[in-house]
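> what follows is a predicted protein model with its sequence.
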Amino acid sequence: MSLYPLAAIALDDGAPATPLYAVSAAGFSAFAQDHGIAAWASAQDFKAQAGRVLLLPGANGLAGAVLGLGGNDDLLIFGAAAEKLPAGDYRISGDPGVAGNFPALGFALGAYAYADFKPSRKKPAARLLVAAEHFAEASRLAEGVCFARDLVSAPSNVMGPAELEAAARRVADAHGATVRVVTGDALLAANYPMIHAVGRASVRAPRLIDITWGDPAAPRITLVGKGVCFDSGGLDIKSAAGMLMMKKDMGGAAAMLGLAHMIMDAGLPVRLRVFVPAVENAISGDAYRPGDVLTSRKGLTVEIGNTDAEGRLVLADALAEADDERPELLVCMATLTGAARVATGFELPPVYTHDEKLAADLAALSVSEQDPMWRMPLWKSYDSWIDGKVADITNSADSAYAGSITAALFLNRFVTQTASFAHFDVAAWTDKPRPGKPAGAEAHCIRALYRLLVNRFGSKTS
Ligand code: BES
Ligand code: MN
Ligand code: ZN
């Protein structure tokens, strides 16, 4: 069932469409000779450079278009065509040069624009007609990513904890999943003390969202996403520059909901659980303070070194519950630290796991799906940096360095029973656009994770 309307790709029903040729730089001179366009191309210095588009004039208007593939090493290169082609319907003519679903996927991802508050510059836009064999899977992936991008793009005034809950319910309802939500002071009775402590200062009540789907006897896959709908830093308030982009601090939750859509839409034979602690890290007379000590769901006591290290607190309560079920695979995704961006930049999220096989599989899939990530170490000797002075553990390590690693080590203190746990410290944002990856909100690593699950657990539908 469709969660997100994709205007940029449609099932090819044989209707008339402009031919779209995809040509590598190496193959271009032969192509130009065959089509009699060598002089036209040369006049525009078109040599099928990666991502360039050449329009071919005809007696009745547009006779065709050529997408340059360059060295043909970019699987999402059709995203450039989505951005550059004039409005109209297109059909790939000849070898797309890129395998399987990638032309349609790249096109759909490249066409994305956030248009809730003003019309997109890209409308009316180009549309790619896609053969049936590729349409369902490309749509599934693009819907999951674009749905997540929209949640991240939405400003915090329209994407608070209640609205994030509504978005989670939309995903669950689309696939007949069950939703449990614990809100406000009920978090205390239900033993989510740190989700409550972080979120209680906001007029918008904190909550724990818990989605369950699939056969209870199937392998258990659990996703946990940071849902901080705005991060002011709390009493350890952020600078203006540091706060400006903090609407995206629910990017982990958005991505996990996008991945949940892919899994449920494909009907993967797994038992899926999704936890989203949804809060606003706000400031009021009721705000939690530096120096406070919280007793977590797991029972570990946590001293607050910095109220701006809130993500790991809300995640810790959710991870502790997830860990109790000992899922086959536990995935956590969060815009957890600025330090991750310092280490690897926006494009390449750090991933942390003790599971060597999982690390190897993810490394391979990040390449084959062109969904980058990079393994960083859960460096053992830094673990003592998060020991507390008056409590078991502190949320702000005793060092200015290795901040993404110490945050990951913090989360790992709360996952003690599950064999396979991976944590992704994502930016949820693209600063330097690439084909299929427009500047702005992004859902990193979920296409690779989806493929991992399809490979490991098989698919009922495809
Ligand atoms: N949400 C931020 C991390 C962040 C900052 C993500 C910028 C993306 C871009 C997180 O809650 C935070 O403030 N982390 C602090 C931790 C520190 C106080 C130990 C950080 O990274 O500075
Ligand atoms: Mn913070
Ligand atoms: Zn945060």
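Cool, the structure landed. Numbering: from 1, shown residues only. Ligands and ions are numbered 1, 2, ... in the order given.
> going by C-alpha atoms from here, please, whenever you check contacts or count neighbours.
OK.
> near ligand 1, which residues of the stretch 101-250 of the chain?
The interface of the stretch 101-250 of the chain toward ligand 1, taken as Cα under 6 Å from any ligand atom, is made up of 233, 249.
> just the helices in the stretch 101-250 of the chain please.
For the stretch 101-250 of the chain, the helices identified by DSSP state H, counting those that start in this stretch occupy 102-110, 132-153, 161-174, 186-189, 193-199, 240-243, in order along the chain.
> now these in TSV, please, with extra columns for mean neighbour count and distance to residue 446.
As requested, those are exported to TSV (neighbours: other Cα atoms under 10 Å; distance: least, Cα to Cα, whole Å):
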stretch	mean neighbour count	distance to residue 446
helix 102-110	27	13
helix 132-153	23	8
helix 161-174	20	15
helix 186-189	15	29
helix 193-199	26	25
helix 240-243	11	26
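> which of the ones you listed sits closest to residue 430?
Evaluated with Cα to Cα, those place helix 132-153 nearest to residue 430, the distance being 10.6 Å.
> what angle do the closest one and helix 102-110 make?
Counting by axes from the mean of the first three to the mean of the last three Cα atoms, to 10 degrees, helix 132-153 lies at 20 degrees to helix 102-110.
> if we can go back for a sec, so for residue 285, which of the helices of the stretch 101-250 of the chain sits nearest?
Closest approach to residue 285 among the helices of the stretch 101-250 of the chain (Cα to Cα): helix 193-199, 12.5 Å.
> off-centre distance for the closest one?
For helix 193-199, the distance between its averaged C-alpha position and the chain's averaged C-alpha position is 24 Å (Cα atoms, centre = their mean, to the nearest Å).
> and that helix, what does it pack against?
With contacts defined as 3 or more Cα pairs under 8 Å, 6 or more residues apart in numbering; DSSP states H and E, the secondary structure elements packing on helix 193-199 are helix 186-189, strand 207-213, strand 271-281, strand 293-295, helix 311-324.
> most neighbours per residue, which of these?
Most buried of those by mean neighbour count (mean count of other Cα atoms under 10 Å) is strand 271-281; its value is a mean of 28.
> is that strand anywhere near ligand 2?
No: using Cα under 5 Å from the ion, no contact is recorded between strand 271-281 and ligand 2, whose separation bottoms out at 7.6 Å.
> same thing with stretch 313-328?
No: Stretch 313-328 is not in contact with ligand 2 by Cα under 5 Å from the ion; minimum separation 10.3 Å.
> so which residues make contact with that stretch?
Under the contact criterion Cα atoms under 8 Å, 6 or more residues apart in numbering, stretch 313-328 has outside partners 192-195, 198, 208, 219-222, 224-226, 275-277, 296-298, 330, 395, 411, 414-420.
> these, buried ones only, as a PyMOL selection?
One line in PyMOL is enough to select the buried members of the contacts of stretch 313-328, burial here meaning 16 or more other Cα atoms under 10 Å:
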select buried, resi 192+193+194+195+198+208+219+220+221+222+224+225+226+275+276+277+296+297+298+330+395+411+414+415+420
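> re earlier: quick one: which of the helices of the stretch 101-250 of the chain is nearest residue 448?
Shortest distance between residue 448 and the helices of the stretch 101-250 of the chain, using Cα to Cα, is found for helix 132-153: 10.3 Å.
> and the closest one, what does it pack against?
Using 3+ Cα pairs under 8 Å, 6+ apart as the test, helix 132-153 ends up in contact with strand 9-11, helix 102-110, helix 251-266, strand 440-441.
> now tabulate the ones you listed in a markdown table and tack on distance to ligand 2.
Listed next are those as a markdown table, based on distance: least, Cα to the ion, whole Å:
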| stretch | distance to ligand 2 |
| --- | --- |
| strand 9-11 | 38 |
| helix 102-110 | 29 |
| helix 251-266 | 13 |
| strand 440-441 | 18 |
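> neighbours of residue 62, how many?
Applying other Cα atoms under 10 Å, we find 14 other residues in the vicinity of residue 62.
> the host helix or strand of it: partners in the sheet, and parallel or antiparallel?
Using DSSP states H and E, residue 62 falls within strand 61-70. The partner list of strand 61-70 in its sheet, established with DSSP bridges, is strand 18-24 (parallel), strand 53-58 (antiparallel).
> the following helix or strand past that strand - what's its average pLDDT?
Of the helices and strands lying after strand 61-70 in sequence (DSSP H and E), the nearest is helix 78-84. Per-residue confidence for helix 78-84 averages out to 97 on the pLDDT scale.
> chain center to helix 78-84, what's the gap?
Centroid separation between helix 78-84 and its chain, computed with Cα atoms, centre = their mean, is 21 Å.
> mind giving me the packing neighbours of that helix?
Using 3+ Cα pairs under 8 Å, 6+ apart as the contact criterion, the secondary-structure elements in contact with helix 78-84 are strand 53-58, helix 102-110.
> what's the last one packed up against?
It stands for helix 102-110. Contact here means 3+ Cα pairs under 8 Å, 6+ apart; on that basis helix 102-110 packs against strand 9-11, helix 78-84, strand 126-130, helix 132-153.
> any idea of the pLDDT on residue 461?
Residue 461 carries a pLDDT value of 47.
> is any part of stretch 338-354 close to ligand 2?
No: under the criterion of Cα under 5 Å from the ion, ligand 2 is not reached by stretch 338-354; the shortest gap measures 9.0 Å.
> give me the contacts around that stretch.
359, 372-378, 402-404, 408, 420-431, 444.
> from those residues, which land in strands?
Judged by DSSP state E, the subset of the contacts of stretch 338-354 located in strands is 374, 375, 421, 422, 423, 424, 425, 429, 430.
> farthest pair in those?
Using Cα to Cα, the ones in strands among the contacts of stretch 338-354 reach their maximum pairwise distance at 421 and 430, which is 25.7 Å.
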